[in-house]
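**Q** model this:
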Amino acid sequence: MRVETIAGQQVIETERFILRPVQKSDAGQLRMYAGDQRVAEFTSSIPHPLPRGATQSFIERALNPERSEDVWIMASTKDEVLGVISLKTMDRAQSEIGYWVAPAFWGQAMRPKRCGLSLRRTRKSAKQFSQKSSKITQPRHGF
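**A** Residues are numbered from 1 along each chain as shown. Predicted coordinates:
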């Protein structure tokens, strides 16, 4: 595993995937997956249908140095977007995690591994999950 920092965010590489900051070139894949109703149903922040310009606004917020949350792309080693994970700073040294995995990668036992790695490697203070589909993942990571 390799860990480095780009623009204040860690890049974590493993044999199976990479967690890296959002790039403008991710727009097409993000729009395709975030526009999928199945993804929107499991998040509190993605509307369906996805409004025009929503993906670009998301990328701009993620790249803003004054952002209130850190966002990483879950990418294959070939740079294919597999999903998104974010940590939003809350009070008392806590963070709220949000994530989604593209439907094409559902059922591949990726979510628990990704969340566990991101929590251990990005912010030690991350204490809680916010996504309703994370009820299965939470106990596996001590929540």
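**Q** In the sheet, which residues pair with the residue nearest to the spatial centre of the chain? Tell me.
**A** Closest residue to the average C-alpha location of the chain: Ile85 at 1.1 Å, with C-alpha atoms, centre = their mean. Beta-bridge partners for Ile85, by DSSP bridges, are Trp72, Tyr99.
**Q** can you give me the strands in the protein?
**A** 2-6, 9-13, 18-21, 69-75, 81-89, 95-101, 126-129 (DSSP state E).
**Q** Quick one: closest of those to Leu30.
**A** strand 81-89 (6.3 Å; C-beta to C-beta). C-beta coordinates here come from the backbone N, C-alpha and C atoms, glycine included.
**Q** Tabulate the strands of the chain (JSON lines), appending distance to Thr43 and mean pLDDT.
**A** Output for the strands of the chain, formatted as JSON lines (distance: least, C-beta to C-beta, whole Å; pLDDT from 0 to 100):
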{"stretch": "strand 2-6", "distance to Thr43": "25", "mean pLDDT": "60"}
{"stretch": "strand 9-13", "distance to Thr43": "21", "mean pLDDT": "85"}
{"stretch": "strand 18-21", "distance to Thr43": "18", "mean pLDDT": "90"}
{"stretch": "strand 69-75", "distance to Thr43": "13", "mean pLDDT": "92"}
{"stretch": "strand 81-89", "distance to Thr43": "9", "mean pLDDT": "91"}
{"stretch": "strand 95-101", "distance to Thr43": "6", "mean pLDDT": "88"}
{"stretch": "strand 126-129", "distance to Thr43": "12", "mean pLDDT": "34"}
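**Q** what pLDDT does the residue lying farthest from the centre of the chain get?
**A** Note on the chain: the largest C-alpha distance from the chain mean falls to Arg92, namely 22.1 Å (C-alpha atoms, centre = their mean). pLDDT for Arg92: 80.
**Q** between the strands of the chain, which one is nearest to Ala40?
**A** In terms of C-beta to C-beta, the element of the strands of the chain nearest to Ala40 is strand 95-101, at 8.8 Å.
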